[in-house]
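>>> structure, please.
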Amino acid sequence: MIYSSSLSWKSMKTIMTTATNRAIHPFVSSSSSLKSSLHPRYYRSYHSCSSTKTIIQRTTIRTRLNAHTDNNNNNNNDNNNIVNTLEMSLDWNNRIGLQDQYTLKEKGWKVHVDWRLTPFGAGLFSKEDIPAGTILRKGILGVNLKEFTSIADIDEFCNQQRRPKQRHNHNMNDDDDVEQQQQQETISRLNYVKDYLWGFNKDADERGYYNDQKQDNNGNDHNNSRFFGMWIPGNGLNHNEDPNTVYKSTKEGIDLIALVDIGINDELFDDYRRHGSSSLWLKEFAHQKNVTLNFADCNDFV
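Residues are numbered from 1 along each chain as shown. Sure, this is the predicted structure:
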């Protein structure tokens, strides 16, 4: 580089220092002349750090809101996949085969599970590692969750059958066969109710337990928070006093939640003691039908 002889050594040193600063630290110099010489986008970055931070924060918040909306939409879409199993014709005697009539999503399951034979009948097992707090299955009243409030409700369910279409050349024997089939299905439904009907208290603690002292001397339950009903198809949770699942009330019904971390191939359990005492009308139902129920005062295994 050739410098004019009219410039002093001190002036040339200043020019060289300024040029070096511009080359090495173009955004750091505090000189006003340097800031004005920067490209407009560089100057905005230098001059408006707080504005940029605000934009980033707004973008982050917007991203989170969009993600929350997407999650809600995904949940709604998942709920739309749940079929109305209450109106389907099922083989109530085949406890495991009945499960295979629907996909897991159609039954409201959010995790991978399967049903296997155990010494106590069909049992529910995890096919993946599940963290505590995970929604296992969504229950929606009137869709895959049936509530009973009286003996009449259960009788209506047990007698809810689809009469087969009559053939053109049917005879009296055909009618007898239809009646016999209906009687068999009524018995099958009754047996399903006795094995899968359970109780839930919406005011239970985080582990699903409730101080069940709401009944008077006549066995009348004055607690309006009690729920009696069953999932269709049932969950298949066997009894264990150290449960790894819990029920939680929702606006739509009741969800089944992982109470603790669950490992792959672990069996999922319920503690039937959490069902509380049976109501007066359920005791009468058990007496009329001569059946046991999954309540401590209606069987000898809880």
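
>>> tell me the contacts of residue 269?
Counting by C-beta atoms under 8 Å, 6 or more residues apart in numbering, residue 269 makes contact with 237, 238, 239, 240, 242, 243, 244, 245. Bear in mind the C-beta positions are built from the backbone N, C-alpha and C, glycine included.

>>> and the pLDDT at the nearest residue to it once chain neighbours are set aside?
In space, and not counting its chain neighbours, residue 269 is closest to residue 240: 3.6 Å by C-beta to C-beta, 6 or more residues apart in numbering. What the model reports for residue 240 is a pLDDT of 95.

>>> ok, residue 240 touching residue 270?
Yes: assessed by C-beta atoms under 8 Å, residue 240 is found in contact with residue 270 at 7.4 Å.

>>> what about the residue nearest to residue 269, how many neighbours?
Neighbours of residue 240 under the rule other C-beta atoms under 10 Å: 14.

>>> how many residues are close by residue 135?
18.

>>> any idea how far residue 194 lies from residue 113?
From residue 194 over to residue 113 the distance is 23 Å, taken as C-beta to C-beta, to the nearest Å.

>>> ah, wrong one, I meant residue 143
19 Å.

>>> go on, residue 190?
For residue 190, the distance to residue 113 - C-beta to C-beta - is 26 Å.

>>> next one: residue 183
The value you get for residue 183 to residue 113, if C-beta to C-beta is used, is 33 Å.

>>> cool, and residue 197?
21 Å.

>>> excluding chain neighbours, what is closest to residue 226?
In this structure, residue 226 finds its nearest non-sequential neighbour in residue 201, 5.8 Å apart by C-beta to C-beta, 6+ apart.

>>> and that neighbour, how many neighbours?
21.

>>> pretty sure it contacts residue 276?
Yes: Residue 201 lies in contact with residue 276 (C-beta under 8 Å); the separation is 6.0 Å.

>>> domain assignment for this protein?
Recorded structural domains for the chain (assignment: automatic domain parsing) are 11-65, 84-298.

>>> just to be sure, residue 146 is in a strand?
Yes: according to DSSP: H, G, I helix; E, B strand; the rest coil, residue 146 belongs to a strand.
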